[in-house]
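**Q** generate coordinates for the sequence data below:
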Amino acid sequence: MQFDWMVQCYAGAGVHRDTPMLETVERETVLGGVDAAVETGLEGLWAPDHFMLGPKAEEYEVWTLLSALAERTDDVDLGPLVGSITYRNPALLAKMATTVDILSEGRLRLGLGAGWHEAEHRAYGFDFPDIGTRIEMLEEGVQVAKAMFTEEHPTFEGDHFTIDDALNNPKPVSDPHPPVVIGGAGPKMLRLIARHADEWNVEISARARGKPIEFKVRKFEEYLENEGRDPDDVERSWLAHVLVREDEAAVEEAVDDIFPLPWGEESDMDETLDDAEDAREKGSMLIGTPSQVATQIEGIRDLGFEKLQLMFLDFPDTRGMELFGDEVAPQFR
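**A** Numbering: from 1, shown residues only. I've put the predicted structure just below:
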């Protein structure tokens with residue numbers, strides 16, 4: 001299995017589920033976490049595509065950050081998890097992605113999604129159409145990006161996006177293009193992913209809404225078969241929160257420091273995670289000793305997911321990250 005870090009580049013300040021112990025966003029803290037992730041053996045670095053997450057709305061812009069990480073690292077995957085198709089014209093997005101792919105010498109993975117943060121769209125002046133329209137935009141956006149990556153004179157005309165001889169030179173290093181990672185788990189999204197993606201990502205809310213994840217995995221297999229695609233050609237990744245400590249007493253102490261936490265999206269945080277049991281059941285959070293966390297990961301692997309993007313609940317403390325690299329990851333290699 002592959003284990004990556006979801007770069008925690010926004011301040012949770014005690015209340016956001018993803019970065020509860022990060023009080024403020026500072027260059028040294030974020031890049032120190034990047035260095036620790038690489039040193040401990042994590043194989044990828046991902047970042048969220050938002051502008052104002054968390055109670056302080058302190059956050060780095062994803063493509064600017066990825067450009068810096070391309071120069072700071074040598075051999076880890078890089079990508080947005082996931083980029084909202086509503087935030088950038090897809091031709092411009094493809095040009096930006098091409099640049100990061102070149103700077104990183106072919107390590108970019110292009111994460112894309114339909115977007116969800118309505119308040120953020122309103123604040124920044126972006127249109128926020130209904131979900132069906134956003135999914136249509138995403139499908140066209142993927143087609144535009146692939147044209148930009150591979151065609152000498154990219155041209156596309158759709159209902160939402162049009163390009164005419166939109167030159168994209170030089171081309172990406174990745175052949176034939178940076179792998180396309182699409183996040184989501186609703187029926188329309190799964191069909192789109194089966195048609196176009198090189199990797200399917202499921203994040204927290206995608207697992208929590210609708211049918212159980214086991215059902216969604218089965219439907220995805222059906223959709224791949226309908227598209228005539230080999231299931232082995234599409235990677236599967238799982239975004240997860242993790243809290244690991246040496247023994248159960250240390251786990252209990254860390255849980256007491258971190259929980260309770262609000263649960264849900266920022267626009268719909270109407271539940272609370274009170275303790276480790278709540279966090280495991282409601283949020284599929286990986287919490288426990290190294291052996292306990294490994295057992296939870298085995299269940300994810302049994303569903304067909306061979307890559308985990310991890311958010312360490314204790315960050316900016318890197319003890320959990322280091323312990324994971326030393327005692328959990330080796331059990332899967």
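
**Q** any regions of the chain where pLDDT drops low?
**A** Across the chain, the ranges flagged by pLDDT under 70 are 264-270.

**Q** report the central residue of the chain.
**A** By Cα atoms, centre = their mean, the chain has its centre lying nearest to Leu81, at 2.9 Å.

**Q** SS state for the nearest residue to Leu313 once chain neighbours are set aside?
**A** Sequence neighbours aside, Leu243 is the residue nearest to Leu313 in space, at 4.3 Å (criterion: Cβ to Cβ, 6 or more residues apart in numbering). Bear in mind the C-beta positions are built from the backbone N, C-alpha and C, glycine included. Three-state secondary structure (criterion: DSSP: H, G, I helix; E, B strand; the rest coil) places Leu243 in strand.

**Q** pull the contacting residues for Leu243.
**A** By Cβ atoms under 8 Å, 6 or more residues apart in numbering, the contact list for Leu243 reads 251, 254-255, 258, 276, 285-288, 312-314, 320.

**Q** out of those residues, which is nearest to Phe149?
**A** Phe312 (32.9 Å; Cβ to Cβ).

**Q** just checking, the closest one touches Gln8?
**A** Yes: under the criterion of Cβ atoms under 8 Å, Phe312 makes contact with Gln8 at 7.3 Å.

**Q** just give me how far the helix or strand containing Glu281 sits from the chain centre.
**A** Glu281 is part of helix 276-283, with elements assigned from DSSP states H and E. Distance of helix 276-283 from the chain centroid (Cα atoms, centre = their mean, to the nearest Å) equals 20 Å.

**Q** quick one: list the elements packing against it.
**A** helix 204-208, strand 235-244, helix 248-258, strand 261-263, strand 271-273, strand 286-288 (3 or more Cβ pairs under 8 Å, 6 or more residues apart in numbering; DSSP states H and E).

**Q** make it 7 Å
**A** The contact analysis (3 or more Cβ pairs under 7 Å, 6 or more residues apart in numbering; DSSP states H and E) places helix 276-283 against strand 271-273, strand 286-288.

**Q** can you tell which of these is closest to Ile300?
**A** Using Cβ to Cβ as the measure, strand 286-288 is the one of those that comes nearest Ile300, at 8.5 Å.

**Q** after that closest one, next one along is what?
**A** Scanning forward in sequence from strand 286-288, with DSSP H and E defining helices and strands, the next element found is helix 290-302.

**Q** so which bits of that following helix are buried?
**A** For helix 290-302, the buried set under the neighbour-count rule, 16 or more other Cβ atoms under 10 Å, comprises 290, 292-294, 296-297, 300.

**Q** stretch 241-259 too?
**A** For stretch 241-259, the buried set under the neighbour-count rule, 16+ other Cβ under 10 Å, comprises 241-245, 251, 254-255, 258-259.

**Q** also stretch 35-54?
**A** 36-38, 40-51, 53-54.

**Q** among those residues, which are located in helices?
**A** Judged by DSSP state H, these include 36-38 as members of helices.

**Q** in a markdown table: the helices and strands packed on helix 276-283, plus distance to Glu58.
**A** Conversion of these to a markdown table gives the following (distance: least, Cβ to Cβ, whole Å):
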| stretch | distance to Glu58 |
| --- | --- |
| strand 271-273 | 22 |
| strand 286-288 | 26 |
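
**Q** quick one: the residue nearest to Leu313 from Asp314, how far?
**A** For Leu243, the distance to Asp314 equals 6 Å [Cβ to Cβ, to the nearest Å].

**Q** was I right to think the residue nearest to the centre of the chain contacts Trp46?
**A** Yes: A contact is recorded between Leu81 and Trp46 when judged using Cβ atoms under 7 Å, the distance being 3.9 Å.

**Q** any chance you could list what contacts stretch 226-237?
**A** Taking contacts as Cβ atoms under 7 Å, 6 or more residues apart in numbering, the residues outside stretch 226-237 that touch it are 194-195, 197-201, 221, 224, 304-309.
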